[in-house]
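*Asks:* model this:
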Amino acid sequence: MACSDEKHDRLSNLSDDLICHILSFLSTKECYRTCVLSTRWESICTKIPNLHFQLPKISDPVLSKEEFQSLNLAVLRRNENIKKLMLDREKGCQPHDIHMWVSKASVNCALLRRTENIRKLRLESEKGCQPNDVHMWVSKALDLKVQELDLDLFLHEKILLPLRLSTCESLVVLKLRGRIQPTFNSSFHVYLPSLKILYLRETVRYSMFDDGKEYDLNNFLSGCPHLEELLLGETFALPINTSFHLLKRLFLCLYMPTSAKCCPLQINAPSLEVLSLVDYSLAPRKYDFTNLSNLDEAAIFISKRADSNNLYTVMKGLSNVKSLALGSKTFHVSFINIFLY
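*Replies:* Purely as a prediction, here's the structure:
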């Protein structure tokens, strides 16, 4: 049996689909390391459904002198024309620049040359790439009928996503965090018929910082008719209206850093099952919870003391909830006023 095992490569006998499924449990970087096994594995890597790239941070350790020299030598041996990229440290290119260049090249190789559709693309970077890089990668992902797009990006400049993202029919999950500018402007048409999960964290805050104005989130949300899960971790000045008939899970983490009047929050979701509301705003906010008859779990934390009228409205909207968790400051008011109603 031992002799037989040595003569036969059982892994190579597996189908491409099965090997691709096994590789899907590895990181994208680890998957592409298997390309050294054979040309067959190189072809299989182009079919991996989920792509996850984490570009280096500026604060990441730079390449050592030995690593830099080895990389430089390997690249020069591969193609003499690469000299035009000025990889020589003496010409002003630092080891970290090489690290960043290699990381971006790996994304280009795995994504831009790909012809197979992808299920998921996740990009993470803190000042490790340029906005035009992200625009190009996202545009290619849309060409490949991406179903899940997850961007966690904090760059030197804001990132403008392709306009056709707002009408992507294949997108089921969209998660954006950082200095990213989606299509919030009311002048643009938004229609994402397949979108079921939407996460927005710090995107509106950065739009206020970069452009000096807040974009209308309600216009964006109105183009997501089949949304089932929504997470907003943002700073809002405009009113927020989350009225969705199919919404099942809603997670809100709101913050208004000034003592100016906060925008009202309206929730109208007859299918809602889970609600989490954390509001760190420095001014009180008006809440309007209606049509929450199917609510199973709710967790409410409001740091700014609410008046009794607003508190009564909140409790009335949550009257059908089965499990309720309340923050210590949420009901820091006189309950005598509530019982007068």
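*Asks:* How many residues are close by the closest residue to Leu23 other than its chain neighbours?
*Replies:* Using C-beta to C-beta, 6 or more residues apart in numbering and skipping the chain neighbours, the partner closest in space to Leu23 is Cys31 (4.7 Å). C-beta here means a position set from N, CA and C on the backbone, and glycine is covered the same way. Residues near Cys31, counting by other C-beta atoms under 10 Å, number 22.
*Asks:* Surely Cys31 and Lys47 touch.
*Replies:* No. Taking contacts as C-beta atoms under 8 Å, Cys31 lies outside contact range of Lys47: 10.2 Å.
*Asks:* which residues sit in contact with the residue nearest to Leu23?
*Replies:* Leu23, Cys45, Ile48 (C-beta atoms under 8 Å, 6 or more residues apart in numbering).
*Asks:* residues near the second one, how many?
*Replies:* What that stands for is Cys45. Look at Cys45: counted by other C-beta under 10 Å, it has 20 neighbours.
*Asks:* measure it to Leu171 for me?
*Replies:* For Cys45, the distance to Leu171 (C-beta to C-beta, to the nearest Å) stands at 24 Å.
*Asks:* and what of Asn294?
*Replies:* Taken as C-beta to C-beta, the span from Asn294 to Leu171 is 26 Å.
*Asks:* So the two - more neighbours on which side?
*Replies:* Higher neighbour count among Asn294 and Leu171: Leu171, with 24 against 14, using other C-beta under 10 Å.
*Asks:* That one: what's it in contact with?
*Replies:* Val146, Gln147, Glu148, Leu149, Leu165, Leu192, Ser194, Leu195 are the contacts of Leu171 under C-beta under 8 Å, 6+ apart.
*Asks:* Make sure the fifth one is indeed in a helix.
*Replies:* So the one you mean is Leu165. Yes. If the criterion is DSSP: H, G, I helix; E, B strand; the rest coil, then Leu165 is within a helix.
*Asks:* hang on, isn't it packed against His135?
*Replies:* No. Taking contacts as C-beta under 8 Å, Leu165 lies outside contact range of His135: 10.1 Å.
*Asks:* more crowded one of these two?
*Replies:* Taking other C-beta under 10 Å, Leu165 and His135 do not tie; Leu165 has more neighbours (19 against 14).
*Asks:* And the more buried one, how far from Ala141?
*Replies:* 9 Å.
*Asks:* between these two, what contacts are shared?
*Replies:* Listed as contacting both Leu165 and Ala141 by C-beta under 8 Å, 6+ apart are Leu149.
*Asks:* Would you mind stating the distance between the nearest residue to Arg114 once chain neighbours are set aside and Thr115?
*Replies:* Sequence neighbours aside, Thr46 is the residue nearest to Arg114 in space, at 5.8 Å (criterion: C-beta to C-beta, 6+ apart). For Thr46, the distance to Thr115 (C-beta to C-beta) stands at 7 Å.
*Asks:* So which of these two has more stuff around it?
*Replies:* The neighbour comparison of Thr46 against Thr115 (other C-beta under 10 Å) goes to Thr46, with 15 against 8.
*Asks:* wait, the more buried one sits on Leu111?
*Replies:* No. Counting by C-beta under 8 Å, Thr46 does not reach Leu111; the two are 10.2 Å apart.
*Asks:* helices or strands up against the helix or strand hosting Ile44?
*Replies:* Under the criterion of DSSP states H and E, Ile44 resides in helix 39-45. If you count contacts as 3 or more C-beta pairs under 8 Å, 6 or more residues apart in numbering; DSSP states H and E, helix 39-45 packs onto helix 16-23.
*Asks:* in the helix it packs on, what counts as buried?
*Replies:* Neighbour counts over helix 16-23 (16 or more other C-beta atoms under 10 Å) mark Ile19, Cys20, Leu23 as buried.
*Asks:* same question, stretch 249-268
*Replies:* For stretch 249-268, by 16+ other C-beta under 10 Å, it's 249-252, 254-256, 262-263, 265-268.
*Asks:* so which of these comes closest to Leu11?
*Replies:* Arg249 (40.4 Å; C-beta to C-beta).
*Asks:* Quick check: phi and psi on the closest one?
*Replies:* Arg249 adopts backbone torsions of phi -130, psi 130, taken as degrees, to the nearest 10.
*Asks:* any idea how the protein splits into domains?
*Replies:* Listed by automatic domain parsing, the domain ranges of the chain are 14-48, 62-339.
*Asks:* if we compare these, which one ends up closest to Pro56?
*Replies:* Per C-beta to C-beta, nearest to Pro56 of the domains of the chain: domain 62-339, 5.0 Å.
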